[in-house]
Each structure stands twice: as structure tokens, then as C-alpha cells.
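Q: I would like to see how this sequence folds:
(2 chains)
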Amino acid sequence: MEKGKTPLLDELEKGPWPSFVTEMKRAATKNVMAKDLLEQLESSYEDNTGHWKHGGIVGVKGYGGGVVGRYSDKPEEFPGVKECHTVRVNQVAGFFYTTKKLRELVSVWNKYGSELYNMHGSTGDIILLGTNNANLQPCVDALADIGFDLGGSGGAMRTLSCCVGQARCEKACLDSMDMIRDLTMHYQNEIHRPGWPYKFKIKVSACANDCAAASARSDLAIIGTWRDTIVIDNEEVNKKVDAGFNIERHVVGKCPGQALDWDSKTKTLKVISADCVRCLHCINLMPSAIHIGRERGATLLVGGKATVVKGSRMGSVIVPFIKAEAPYTEIKELIDTMTEWWSEHAKNRERIGELIDRLGLVTFITELGLKPIPQMVNAPRSNPFIYWTTEEVNK
Amino acid sequence: MARTDFGPPDFRELLPPVITKNYGNWKTHEIPRPGVLKHISYSGDVIHSVRVASPRLVSSDWMLDICDLADKFCEGYLRFTTRNNVEFLVSDEARLQPLLDELDAKDYLIGGVGLSISNVVHTQGWIHCKSAVTDASGITKSIMDNMTDYFTGKVKVPSRLRIAVACCVNMCGACHCSDIAIVGIHRTIPRINDEAVARVCELPSTIASCPTGAIRPNPKTKSIEIKREKCMMCGNCVVVCPAGLQIMDPLNDGVSIWVGGKVSNSGSAPKFSRLAIPFIPNEPPRWDKVTDAVTNLVEVWAANARSGERMGAWIERIGWERFFTLTNLPFTDKHIDDFTYAQTTFRATTQFKY
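A: Residues are numbered from 1 along each chain as shown, chains lettered A, B, ... in the order given. Predicted structure coming up:
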């Protein structure tokens, strides 16, 4: 490749969607690391492969993680990224910022890093893309001065994240941002000092729409729900119907619990509470007319993860309803018990969901002191291979 | 020693006053135009959020650009979404239209709300990850160039559609529950550097890292050997023994495409995405075959799905057999699962759709 030229990446500056290449070039005009990052990426586009070495541990004082070591495998060609470490910075709950706060962050990163960011990484952190060994500690110190702390990496509790919740959503059944903030502060040691067999993720979504993708992506998903009945405002229902909305087809006909009844003569929408599965479909379609119930709390699901190693797993229910109010003592006790059980029994790089598959859901809930309940399963067992303890059989 | 363990900035100090005042008291929301949310409180207060696409990988200059806009129109308040969009939080309704005008004038894309194709959740790629099989940012940019009109609401879709891109099977982006997922995969087993394995790697943990038991010791070389038929190319051993094992294969690495997943419980339970296209070669810089495949999936879905039907719900109604016919995709031996939960995917009924 010709030094300073990026013909392949230039192709990604065309088209209407905002271009990350343009962003890299903006930083590259002022920043050597950004320039070499851009040029190394061009070489990846030529070779069809990445150019980062595996491994390479770096750290900062007082922390066991939060920084991911990254070293180029072509340091002679791209000296600016010989050392190019990722700093994971714990984001603000709900991703709310003031421009003052962001400008402070920019001034630190302009001084010590590549001037490039991910807003945000998949887990939720602000990802600062690339600093070297010499700048790392001063950078983290300067971040501390403006009130930004590191996130998690390695076998640790990973940076917690959540949906926007009660800050700006009518469907929020719990205060997801407060819960994440509270748990984040409570588990600072577990986040910053990896001591577990693998990662442990917690995400909070304030309703079953699950905007934080908690049940798919986190070892512990905390999802807001209610236990009583949805609230129907028939005046608002009628406004929407009178405006031409087909309530039979789009709402009543699609209710998975067949819990809604529309009387077109009296123009009344009624709910059979016992049949409602609290899926939010009707509320999503008629947010002004149908509201979440009043007796609110959370469903806890455990074991969600992506494919590696033993296949994708959706989090499954361990507690259908729990009160979710600060200081969240009961939830913290469950977190402590499950992470202790997992870290004691798991193999290296085995997530809690895989451990549950290996040792059994019954073993897990027994450890947590939870009683087996039908809400934990889609259906009871279909084979007769039942385990009986010695206490359960006649001697 | 520097102070530690003080946590992130407290969100309470970073919220617009109208949010602090109406926290937990929102009644409903409207979508007055594509890309704009109007939230209404029980108190009668209103806040507008203007959603704008971001490339996720951004520069300091870009950060300062959005700060300037938020200072001018939003009293300095903004947020990001879980799908990497920016939201300008407008408390003063009089400033909404001027903000929209300025965003338009500066070519920001406003959209991604409600019935639309929102921004892509994706992973790091060649830019900064050691295990990337492909470049997520490049694929994302290439796909979204084709999907821009779906983002901005110029072209309507039957329901929301969520796209995710993951550079390898670690799937940091939790691709596995998306309407359309693009996942980087290997097709060849790791190459072993016997000398390095013998010298650097811990053999028992390397052997134990294999989920299929494909690795066994090789006493002759004091290294390991990998049984080809058993290896499913997850790369777990490479993470444990990076110095001695190489799985990257530019000739054979590429991407797979998956469909029909979702995370929401609305209407039906969350679903995994399922394999639609087992392999497309890596073709930077624009990945034309990938973008064509995604465009085909989106267009066939948009033309055939009923109102409110997401990709997975649509496929469930028409059946997988008709999905493969309508999308003109071949169903192959690669589509039949042979891993951990394979049996749960085998059909045990006489019900088919023709």
C-alpha cells in the first residue's frame, strides 16, 4: 500500500449514511495514533485480516481490568499503534450527558489518546479507542479528575447498562437508571477486580419491550413488569378508534393471551386480567389509551448469552415478580448467592447459563433458596428419569 | 494513589430539568414526524427528542459538533440510545423546528423511531479487535447506505426491523436475537504451531477449552492435535493459547446471515435468529454480496409481511419453506443444526405450507 493513501476505505466515505472513515480521517489530521489506526485498517482491507496481536496485558494502579491491551502486529509499519489500548469508561446510566461533561471528556482524550471513541460499546461503556503505555495512567488519572471511572473487563462483573426507563418512558415499570447506578456503586470491587471464571453481565430493562436486550445478552436480566391489571382509558381508546384505527385487527386480534374484548356497540375495551401475559403489545400500539399496571416490580431471568461456547441461550425465569425498590437488598442477595455458586463451580470461561445447563436448574434454584414454580418452565418434564434423594425414598 | 471505585458520573446531575421534574410521571408519547419523539407527562409537560444516526465510531470533532448543536438548541442536554443513535433533548418547543432545519442543512440523518429500520448494533471489527473475522463498521456503513430511506421514514416498513453485525461468533453485539444478523465465521480449523504450543501454552487448559472435545495431546511434539471433523471453529482454544494457534484465514473467512430474531416480549416471546445464508466471502470495502442479500431480505419481507409483523412473526406465519422460496435462497445441509440444541429445531408435525 502507498503510505498515506487509503483508496479502499475512501469507498466508505461515499453514500448517505454517516461514515466512520470520515471520522477517522478527521482525527488523523491532528493525531498520529488515529492516522496509523486508519492506515493499519486500510491494510486489513487489503489483506482481509485484522492486524492486532492476541493478548498483551496492561493495567492501571488500583484496578485489575477496565483497559484492554492492544498491540499491532505490524509495529514497524504503523508505529503510532504499536501500543493502542482500549480504555473502557463506565457510561452514565441511560446514556445521558451534558455538553459540559462531554467536552471535559474530549479534552482529556485529545491530550492522552487517539481522539477516537465508540459511543458506545456493545456492553454499554464509552470506548476510548487507543492510548499507549506511557499515556495510560495519566489518562485514567485525568478521567478520574473529571469524574469518569473505568468499566469492567475479563472475568469480572461487566459494566452494567439499562434502558432509558422512568427518565423518559411511559412504560417503565421500574427505575432502571437508579437501579443500574445503585448496583454499579455497590459492585465497584467486582467490576474493577476480575476474580471470576468469566464475564458476568447485568442489564436492566424497565419493561418487557426490553430495549436493553437484557434477556438475550446478560447473565442476569432484570425486566420491569406489573402484577395487577393494565389500565384502560376508554375515552382515549375511542379517540384512536374514531380516527380510523382498526382496534379489532391490530390490538384485540393480536393479543397473545386473548385477554382483550372490544364491544363495538358500547365502544368499550375490556381486559380479562387473568388472561393477560403482560407482553405490552396493546400498550405499544395505543400508548395514550392503555397503561402499565400499578403494582410494579421486576422479573429476573438468568443465563442469557451469545453463542460462545456451548450455544446461544436466552435468560430464563428464576423469579417472576420481585419488588424492585431501592436499596434493592433482595436482588443484591440473589446476585451474591448466584455469583458465589457460579465462581465456585464453573470451569474456566463457562458462563452461568452453561453451568446451569451442566448442573441443572434445580441445583441452581436450590442454591438460591428458591422454590420450583411453574413460571420457571414452558412445560414440565416429558421423561420419567426423575431424581429422588435418599430422604425421599423409603429405607 | 489515585482515587478508585467512585463509579460513573451520577445521571441525576446530567438530566434536563423537565426530565428531573417529570421523572417516572410520563403518560404517553407521540411520533409527530419520523425521527422525533414527543413525550407527554401527566403534569402536561412535554419533551421532544430528535434522533439522529451516528457512525458509532466517532472523532473528538464529531463530539464537539453535537455538543455545539445541543448547546444551541437543547440547553446542553443530549443522550445516546442503545442502538448508537444520538438524541437531542429539546425542552423548548420553539427550538424544535430550528434544530431540525439545522440538522437537515448539515446532512445529519433524522430517523430510527417507530416503524423504521434503526441504526445497527455492531462490534469492533478490524479497527480494534484481535478476533475480528470481518469489519463490522464497514459492513454496517455499506448496509445502511442502502437502508437510509428506511431509517429516515421516506420508505415505510410493516414493522420495526433491527439489524446487527458481529465480527465473530463471540457476538459482542448480541446479534443472535436480531431481525437480520450478520456474523463473521471461520471455515477452517486452527493451524497449530507445535513449537510455540509446546513452549508457551498450558496444554490441559487448551484441551479443556474445546466444547466438542476435538483437541487431544500430541505426545510426539509435546503439543496438541485438532480433530477436523469435531472442530466447529468457535476459536475458544485460540483465546486460551493465542501464541500457538492461528484461526484467521483470509482465504476462507467470511460472513453468515441470520433472520427472524428479536428481544422484545411484545406479542410473542423473544426469539433467536436462524440461519438464512451460511456463507458469503469477505469482500471489502463495500461487501456488495452482503448488502445485496440484506436488501433482498428487507424487500421481500416488506412486500409480504402484514402490518405489524416483524421478520420472525412473518416467517412463522408463512413457514420456513415459503421463506426460502420467496427469498430465493437455497436450503442446504448447513441449515440443519447439529450442535447443542439441534433436536429442538427438528420438525415433528405433519403441518407444512405449500
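Q: got the domain boundaries for chain B?
A: Domains of chain B are assigned by automatic domain parsing as B:11-105, B:121-187+B:253-345, B:191-246.
Q: Burial-wise, tell me which of these comes out on top.
A: Of all these, domain B:121-187+B:253-345 has the most neighbours on average by mean count of other CB atoms under 10 Å in any protein chain shown, namely a mean of 21. For glycine as for every other residue, the C-beta is placed from the backbone atoms N, C-alpha and C.
Q: mind listing the helices for chain B?
A: B:17-22, B:60-73, B:96-105, B:136-152, B:194-200, B:203-208, B:236-240, B:288-304, B:311-318, B:320-326 (DSSP state H).
Q: so can I have CSV of those showing mean pLDDT and distance to chain A?
A: Listed next are the helices of chain B as CSV, based on pLDDT from 0 to 100; distance: least, CB to the nearest CB, whole Å:
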stretch, mean pLDDT, distance to chain A
helix B:17-22, 98, 5
helix B:60-73, 98, 4
helix B:96-105, 98, 12
helix B:136-152, 98, 3
helix B:194-200, 96, 10
helix B:203-208, 95, 6
helix B:236-240, 93, 5
helix B:288-304, 98, 10
helix B:311-318, 97, 9
helix B:320-326, 97, 18
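Q: Can you check which of these gets nearest to A:A213?
A: Among the helices of chain B, the nearest to A:A213 by CB to CB is helix B:311-318 (14.8 Å).
Q: closest one to A:Y112 among the domains of chain B?
A: domain B:11-105 (11.8 Å).
Q: Which single residue in the stretch 201-350 of chain B comes nearest to chain A?
A: Chain A sits closest to B:P242 of the stretch 201-350 of chain B, with a gap of 3.0 Å, by CB to the nearest CB.
Q: All the strands of chain A, residue numbers only.
A: For chain A, the strands defined by DSSP state E occupy A:67-68, A:85-89, A:96-98, A:116-119, A:126-131, A:161-162, A:202-205, A:220-226, A:231-232, A:260-263, A:268-271, A:290-291, A:296-302, A:316-322.
Q: Verify the stated contact: A:F20 with B:M144.
A: No - judged on CB atoms under 8 Å, A:F20 makes no contact with B:M144 at a distance of 10.9 Å.
Q: Name the residue most distant from the centre of chain B?
A: Distance to the chain centre peaks in chain B at B:K220, reaching 44.4 Å (criterion: CA atoms, centre = their mean).
Q: what pLDDT does it get?
A: For B:K220, the pLDDT comes out at 96.
Q: will you turn the strands of chain A into JSON lines that also has mean pLDDT and mean neighbour count?
A: Putting those into JSON lines (pLDDT from 0 to 100; neighbours: other CB atoms under 10 Å in any protein chain shown) gives the following:
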{"stretch": "strand A:67-68", "mean pLDDT": "95", "mean neighbour count": "21"}
{"stretch": "strand A:85-89", "mean pLDDT": "97", "mean neighbour count": "25"}
{"stretch": "strand A:96-98", "mean pLDDT": "98", "mean neighbour count": "25"}
{"stretch": "strand A:116-119", "mean pLDDT": "98", "mean neighbour count": "26"}
{"stretch": "strand A:126-131", "mean pLDDT": "97", "mean neighbour count": "26"}
{"stretch": "strand A:161-162", "mean pLDDT": "98", "mean neighbour count": "31"}
{"stretch": "strand A:202-205", "mean pLDDT": "98", "mean neighbour count": "29"}
{"stretch": "strand A:220-226", "mean pLDDT": "98", "mean neighbour count": "27"}
{"stretch": "strand A:231-232", "mean pLDDT": "98", "mean neighbour count": "16"}
{"stretch": "strand A:260-263", "mean pLDDT": "98", "mean neighbour count": "15"}
{"stretch": "strand A:268-271", "mean pLDDT": "98", "mean neighbour count": "17"}
{"stretch": "strand A:290-291", "mean pLDDT": "98", "mean neighbour count": "22"}
{"stretch": "strand A:296-302", "mean pLDDT": "98", "mean neighbour count": "23"}
{"stretch": "strand A:316-322", "mean pLDDT": "98", "mean neighbour count": "19"}
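Q: Turn the ones you listed into TSV, including distance to chain B.
A: Below are the strands of chain A laid out as TSV (distance: least, CB to the nearest CB, whole Å):
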stretch	distance to chain B
strand A:67-68	9
strand A:85-89	6
strand A:96-98	5
strand A:116-119	5
strand A:126-131	6
strand A:161-162	8
strand A:202-205	9
strand A:220-226	8
strand A:231-232	11
strand A:260-263	13
strand A:268-271	16
strand A:290-291	8
strand A:296-302	10
strand A:316-322	11
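Q: Take those strands and write them to CSV, including distance to B:N282.
A: Formatted as CSV, the strands of chain A follow (distance: least, CB to CB, whole Å):
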stretch, distance to B:N282
strand A:67-68, 24
strand A:85-89, 23
strand A:96-98, 36
strand A:116-119, 22
strand A:126-131, 22
strand A:161-162, 30
strand A:202-205, 31
strand A:220-226, 33
strand A:231-232, 52
strand A:260-263, 49
strand A:268-271, 51
strand A:290-291, 47
strand A:296-302, 35
strand A:316-322, 36
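Q: which parts of stretch A:269-287 are buried?
A: A:269, A:271, A:276-287 (16 or more other CB atoms under 10 Å in any protein chain shown).
Q: residues contacting B:H186?
A: B:H186 makes contact with B:133, B:233, B:235, B:247-249, B:252-253, according to CB atoms under 8 Å, 6 or more residues apart in numbering or on different chains.
Q: now, the most widely separated pair of those residues?
A: It's B:G235 and B:N252 that sit farthest apart of the contacts of B:H186, by CB to CB, at 13.6 Å.
Q: Narrow the buried residues of stretch A:269-287 to those in helices?
A: Using DSSP H, A:281-285 are the members of the buried residues of stretch A:269-287 that sit in helices.
Q: Which ones among the residues you listed also lie next to chain B?
A: Restricting those to those touching chain B (CB under 8 Å from any CB of the partner chain) yields A:281, A:284-285.
Q: What is the nearest of these to B:L329?
A: B:L329 has its nearest neighbour among those in A:H281, at 29.6 Å by CB to CB.
Q: so what pLDDT did the closest one get?
A: pLDDT, A:H281: 98.
Q: still on that earlier bit, could the ones next to chain B among the ones in helices among the buried residues of stretch A:269-287 go into CSV alongside distance to A:Q166?
A: Formatted as CSV, these follow (distance: CB to CB, whole Å):
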residue, distance to A:Q166
A:H281, 21
A:N284, 17
A:L285, 21
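Q: Identify, from the residues you listed, the entry nearest to A:T389.
A: Nearest to A:T389 among those, with distances taken as CB to CB, is A:H281, at 42.9 Å.
Q: what's near enough to touch that closest one?
A: Contacts of A:H281 (CB under 8 Å, 6+ apart): A:251, A:254-256, B:266-267.
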